[in-house]
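**Student:** using only what follows, build the 3D model:
(4 chains)
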Protein chains: 4
Amino acid sequence: MVWGSILGWKARSRGASTLLILLKPDATEPVCAEVVQALRALGLSVEEVPLPGRRAWHVVDGPSVPRESLLRIPGIDRVVPLEDVAAPLVHGTLADGPRTISVGNARFGGGHVSVIAGPCTVEGREDMLDTAKLVAAAGAAVLRGGVFKVRTSPHSYQGGGVDALGLLAEAAQETGLPFFTELNDPRQVALVGDTLDGVQIGARHMQNFPLLQEVAQLGKPVLLKRHMAAEVDEWLLAAEYLLDAGNDRVILCERGLKSTGRHVRYMLDLGVIPYLKRRIGLPIVVDPSHAAGHHELVPDLARAAVAAGADGLIVEVHPRPQTTRCDALQALPPDAFATLMADVRQLAAMGGRTVSCSVRAVRAATSSPSAGSSDLNRSVGA
Amino acid sequence: MVWGSILGWKARSRGASTLLILLKPDATEPVCAEVVQALRALGLSVEEVPLPGRRAWHVVDGPSVPRESLLRIPGIDRVVPLEDVAAPLVHGTLADGPRTISVGNARFGGGHVSVIAGPCTVEGREDMLDTAKLVAAAGAAVLRGGVFKVRTSPHSYQGGGVDALGLLAEAAQETGLPFFTELNDPRQVALVGDTLDGVQIGARHMQNFPLLQEVAQLGKPVLLKRHMAAEVDEWLLAAEYLLDAGNDRVILCERGLKSTGRHVRYMLDLGVIPYLKRRIGLPIVVDPSHAAGHHELVPDLARAAVAAGADGLIVEVHPRPQTTRCDALQALPPDAFATLMADVRQLAAMGGRTVSCSVRAVRAATSSPSAGSSDLNRSVGA
Amino acid sequence: MVWGSILGWKARSRGASTLLILLKPDATEPVCAEVVQALRALGLSVEEVPLPGRRAWHVVDGPSVPRESLLRIPGIDRVVPLEDVAAPLVHGTLADGPRTISVGNARFGGGHVSVIAGPCTVEGREDMLDTAKLVAAAGAAVLRGGVFKVRTSPHSYQGGGVDALGLLAEAAQETGLPFFTELNDPRQVALVGDTLDGVQIGARHMQNFPLLQEVAQLGKPVLLKRHMAAEVDEWLLAAEYLLDAGNDRVILCERGLKSTGRHVRYMLDLGVIPYLKRRIGLPIVVDPSHAAGHHELVPDLARAAVAAGADGLIVEVHPRPQTTRCDALQALPPDAFATLMADVRQLAAMGGRTVSCSVRAVRAATSSPSAGSSDLNRSVGA
Amino acid sequence: MVWGSILGWKARSRGASTLLILLKPDATEPVCAEVVQALRALGLSVEEVPLPGRRAWHVVDGPSVPRESLLRIPGIDRVVPLEDVAAPLVHGTLADGPRTISVGNARFGGGHVSVIAGPCTVEGREDMLDTAKLVAAAGAAVLRGGVFKVRTSPHSYQGGGVDALGLLAEAAQETGLPFFTELNDPRQVALVGDTLDGVQIGARHMQNFPLLQEVAQLGKPVLLKRHMAAEVDEWLLAAEYLLDAGNDRVILCERGLKSTGRHVRYMLDLGVIPYLKRRIGLPIVVDPSHAAGHHELVPDLARAAVAAGADGLIVEVHPRPQTTRCDALQALPPDAFATLMADVRQLAAMGGRTVSCSVRAVRAATSSPSAGSSDLNRSVGA
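**Tutor:** Numbering: from 1, shown residues only, chains lettered A, B, ... in the order given. Prediction:
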């Protein structure tokens, strides 16, 4: 356990930014002098910048002081940061190009596409096994299933807890797929963390920083969903908490944003994919199920996500959705999922990417004559 | 500790809703029969409703089944709930009229208005004491100060932790004010919960349900901030978690919503005050500081909030904002806070409401000849 | 008519801004030279600014070139405008302090508060006259009523047109109130513009610039509603079109913004009032009716608006709302409007402001013994 | 000209909806009787519906009365419409399956994909001709260019007007491409409408209903952009104005929605494509340029749009963006556009669709030996 973080002891800071400080146009000479004095009192080293008609200073060194505080110094008009230092660890992940993160046989990023699939919630052994088998057969590379549910209402089904986790692990073993589940309480980490292949952080807990710090200690892949109202920088800074705590096996997951629209559950932000690909090296997957909110819209959004460059998908699938207690409307039926997987392989191939699948699928593919290869690839092309 | 909630065991449900189920206009007789059969298989008791031109059923009894699941039954077109059962415990609080929640000398709701004030973050003994004294003198009834900060970036100041909590408690004792602080990790509850007069749940943790369940056990007043992107029902359902866990001493706090605007930090939703006053009995306070994001806008928004019916305010105040490490821009200077308090008293009086103040302020007021009363009122009029 | 604007001939520009241009950190010397050459080719005069570690230029003179175009010059990283020149004419209105705009007896701004009231739509002589009389009696200073309606659906009632305008004018004359109506087609200006006391521009037409340019020619007060998704700068720039076309009798009207919430029709942005009061001199009124969308919420929002500093209100009132064909839910009944007017007078008085009323109300007030004054004020205090 | 619409005479209504009216749970028998009487007084035919525990009526016939007005009848709790009648004409377009709309050689919808391309603004003969030639060569099927610009600021370049329109028409003739331009004033229709191949309605004018009614009279294809804050129903109802005025050659265009994000200019709503494909027969194209706001993000969003089922794209292209006066940042360079067109053909082929190109491109393709066909197809496959 990370007692320091529980008690909020941490106080260090990183990345003093270079600032240009502009004075108000009517600032008098004494005011200018007082501003310089106030800046120096904060430990900042300042240097005047010759700008015609405006007094300006350039902060060249010193501790990190919030811009907001500087704006409370009388006479200062604007504080312009000349460098963007938000989430430096996350931005540093692009230094050597896009990264590939592996979970079992599945690879995300760096030219690899993987699909995570399964039921919204683990509700019973038979449903769980059936779903696991069908998604594995269709080409999913990771199994998912919720056991600690984050439900808007205390009167909704809250998930099956550790018992359900056992069923999920059993289905994973049965199909040879690694599995993810969502954790939402830092105390769950010590209790069940060791049994998971990867941890999912749900959208509502994206800024639950004590949880992130505890989860990071596991050293396992973390799928970090974007909150449905998070700016990109807020999302990257949540990932920064994971990297800052020593875990850089982070897969970002876009799952749609709140909007005024009611035709979709959430508005999927696909522009964020090419935007981030130019800035960070971490893989980005898309959850079309929660975004669409309706199974009929899922395949088109999933195809769009892969066409936009997503490194993977996380999709809810269920063979008998009308019997489920959570998110029934968005669960893909088996045949639609199989069709989608075929499309994903074709779209990935268009961009020269490969789609991961399970070890057994690879063995089956390579042992069949039509595969034309005796090579055990961990990923197969379209 | 509430191990059940950590492990997600809870699975009961409440409030089966009455539904009207409409079939698709082209549903054939066999489809109708299958729908009825499917509904009955779910344990629902159904009765046909004669609507000209449409086949419809009325669900009159049975377990709670999500509407989404019903929509996956082939042939069903729409499911119209005839009763609103979201957050029944919270809606039940209006049964006996608006409630008054007391914290020390401060009263919120039922004709009482209280102002919570203090620094954003507890940063040093002198600042904390100075701020506490000045807000008490101006008429604040509760002291606030952050010690476990929820910061978007891991590189920002994370708060002073338990040491800072000691300074906050000392300032509270010095001024006779009760105090609130924010908790953001369920493990903090056992460690420091006993020392607090009330717990603040920050916007980002509004849907941190394990935290809410743990905090509820303290039995102390909980100030539940609305997430900056929360619908009203999501906010009420977060409160429902507290009530469901046995704590109905809940004060709701509107603190502004995300919007596309940049002229204010968050868009304050004052319409929610009269909306909720007609539906629930819990007090509602407003945080104009985080909404405005700039001290110059705080007093007008604070006045608007009281004019709209708010049962209180929570305001950030600091005598030396340029030296602070968090939210410097929105901290009210002492004179602006004193002016605001005078306005709050006048506005509250317009609506026949009284503004709480500290025990010492009451004593000072009642011992002066102009008070004209030997009665120790816990609330004083304008 | 303004044929130039119809045909889009206008091409002049105003307000070349002062820019700081930062090169990419890895820009080589030849790239720097090419950037300078490219800037000079655009007619810009540039001067190097010594910033440690970064090459930067300061544009000191030249024609207005969009920042976006500069960013397409290879090697340029950021373009930082050092002065804000959006809407210079509107920002210039504060030069001599807040302005007062008069419409008949009503005054808006500069310490004066006026209430515009009337039905959503002019639907019949009797309803129109009844409404006009009751709002005048309660203290409204301007009459409103829609005749050219902007309806989301072509199948909704589209307004009574010029016939209805006659009824509105008759009711205005009968009560001694000036009147506003909304125009939404530039061709309406020549047809009916002369008969109006003021023109209302609806939210959906805020950026209908040909309409604004035509309406500006009338030289009459223009109530410019903010679009329900407009940023503040977009709103001010729409006003800038009016000022640029020679009409500075502009009253801004905040009427609520689209949000994801369904508890109110639109989210009222009251923070914009103190924000703008510090920047521009034009009066700002608030429309609580469209924001609330429900009559029960209107009075509290209206009070909040006046407490936040609004220079007036525009309120929908109807004695028989269930018979109306538009926005019935938000129409205040007569008694609620009278109560609201009393509150508005009290709130305005708190801030030392006066509330305008009709000439006849002034005469009635001054001729009654209780008024205690023989003075014919055009505005009366609380 | 459509004088009736200018003067707002139109008052007919369409589509009385079937309603279920629920009384308040505590409504007494006399209240029930009064409700029935009030409903009948509005000309509605009502019939009681037996719902256990609630009094309810079913409105079976009568004139269209707004739901809002019914809610002002005391005793009524909820009004539930049992049928969705918004935009009946637009919804009727799916009756015979998806439609194909042709503009010159370009076909939109019904298995046909076309790309509209060109500069943001027509600024000079050479730029216009160069751009037209390069987009035609790469495979665009329609030329675009703005001449009557809708600019947020009156101080921005307002477009070249009729002179620029001549240059656009010349470039279109030179390349054999049909062309679209945006109109934004109903008076422009009579002046220049005859010279256009199709009319573009910009996002800001989506609800400029007098403009829509006037443009509809031309009988030419209308590209109706969705307002950046429009709900789907608002967009469809704007299209309904065009169909209601007799023009059903409507191409809908999604161009992104306002959001709080700053990493893209607007948030592209791709979920609306599969949503609408299931409900209406009109083609839907996507504008990735305005959505992205930056040329580097355009190709990925464009690919995503076609993968999601879009019937076409409208893309801004410019060979020398740094010299342009409008939207320079989002203009695609020629090579990026050519690459995109190749991808569009491949993606369309994946779904069995064909991509239109210009007559000359068809001729060139069919006269070359590799085309392997002497047939003059108006569309060519991937």
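**Student:** which SSE is A:Leu313 in?
**Tutor:** Using DSSP states H and E, A:Leu313 sits in strand A:312-316.
**Student:** what about that strand, near chain D?
**Tutor:** No - figure legend: strand A:312-316 not in contact with chain D (CB under 8 Å from any CB of the partner chain); closest approach 12.8 Å. In short, each C-beta sits where N, CA and C put it, glycine included.
**Student:** what about that strand, distance to the chain center?
**Tutor:** 13 Å (CA atoms, centre = their mean, to the nearest Å).
**Student:** same for it, what does it pack against?
**Tutor:** Contacts defined by 3 or more CB pairs under 8 Å, 6 or more residues apart in numbering or on different chains; DSSP states H and E place strand A:312-316 against strand A:112-118, strand A:284-286, helix A:288-292, helix A:298-307, helix A:334-350.
**Student:** neighbouring contacts of that strand?
**Tutor:** A:106, A:108, A:113-120, A:140, A:144, A:223, A:251, A:253, A:255, A:283, A:285-290, A:298, A:302, A:305-306, A:327, A:330-332, A:337, A:340, A:344 (CB atoms under 8 Å, 6 or more residues apart in numbering or on different chains).
**Student:** hey, what's the angle from it to strand A:112-118? Just curious.
**Tutor:** Taking axes from the mean of the first three to the mean of the last three CA atoms, to 10 degrees, one finds strand A:312-316 and strand A:112-118 inclined to each other by 10 degrees.
**Student:** got the angle between strand A:312-316 and helix A:334-350?
**Tutor:** 170 degrees.
**Student:** please save the CA atoms from strand A:312-316 in CSV.
**Tutor:** C-alpha atoms of strand A:312-316 as CSV (Å, rounded to 0.1, in the frame of the first residue of the first chain):
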residue,chain,number,x,y,z
GLY,A,312,-7.5,-1.8,-30.8
LEU,A,313,-11.1,-2.0,-29.8
ILE,A,314,-12.9,-3.0,-26.6
VAL,A,315,-16.4,-4.4,-27.5
GLU,A,316,-19.2,-5.8,-25.5
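**Student:** what angle do helix A:298-307 and it make with each other?
**Tutor:** Using the same axes, to 10 degrees: strand A:312-316 against helix A:298-307 is 170 degrees.
**Student:** and the residue of the stretch 151-300 of chain A nearest chain B?
**Tutor:** Closest residue of the stretch 151-300 of chain A to chain B, CB to the nearest CB: A:Ala229 (3.2 Å).
**Student:** where does the nearest residue in space to that residue that is not next to it in sequence land on pLDDT?
**Tutor:** Nearest residue to A:Ala229 in three dimensions, chain neighbours excluded: B:Ala229, at 3.2 Å (CB to CB, 6 or more residues apart in numbering or on different chains). B:Ala229 is assigned 98 on the pLDDT scale.
**Student:** is it fair to say B:Ala229 lies in a helix?
**Tutor:** No - counting by DSSP: H, G, I helix; E, B strand; the rest coil, B:Ala229 is not part of a helix but coil.
**Student:** who's in contact with it?
**Tutor:** Contacts of B:Ala229 by CB under 8 Å, 6+ apart are A:227-229, A:258, B:257-258, C:260.
**Student:** so how far is D:Gly256 from A:Ile284?
**Tutor:** Distance, A:Ile284 to D:Gly256, by CB to CB, to the nearest Å: 20 Å.
**Student:** kindly report the same for A:Ala56.
**Tutor:** The value you get for A:Ala56 to D:Gly256, if CB to CB is used, is 36 Å.
**Student:** the more surrounded of these two?
**Tutor:** Legend: neighbour count by other CB atoms under 10 Å in any protein chain shown for A:Ala56 and D:Gly256, higher for D:Gly256 (25 against 20).
**Student:** give me the number of residues near the residue lying closest to A:Ala140 once chain neighbours are set aside?
**Tutor:** Leaving aside its sequence neighbours, A:Ala140 sits nearest to A:Ala117 (CB to CB, 6+ apart; 4.0 Å). A:Ala117 sits with 28 neighbouring residues when counted by other CB under 10 Å.
**Student:** who's in contact with A:Ala117?
**Tutor:** So A:Ala117 contacts A:135, A:138, A:140, A:142-144, A:313-317, A:337 (CB under 8 Å, 6+ apart).
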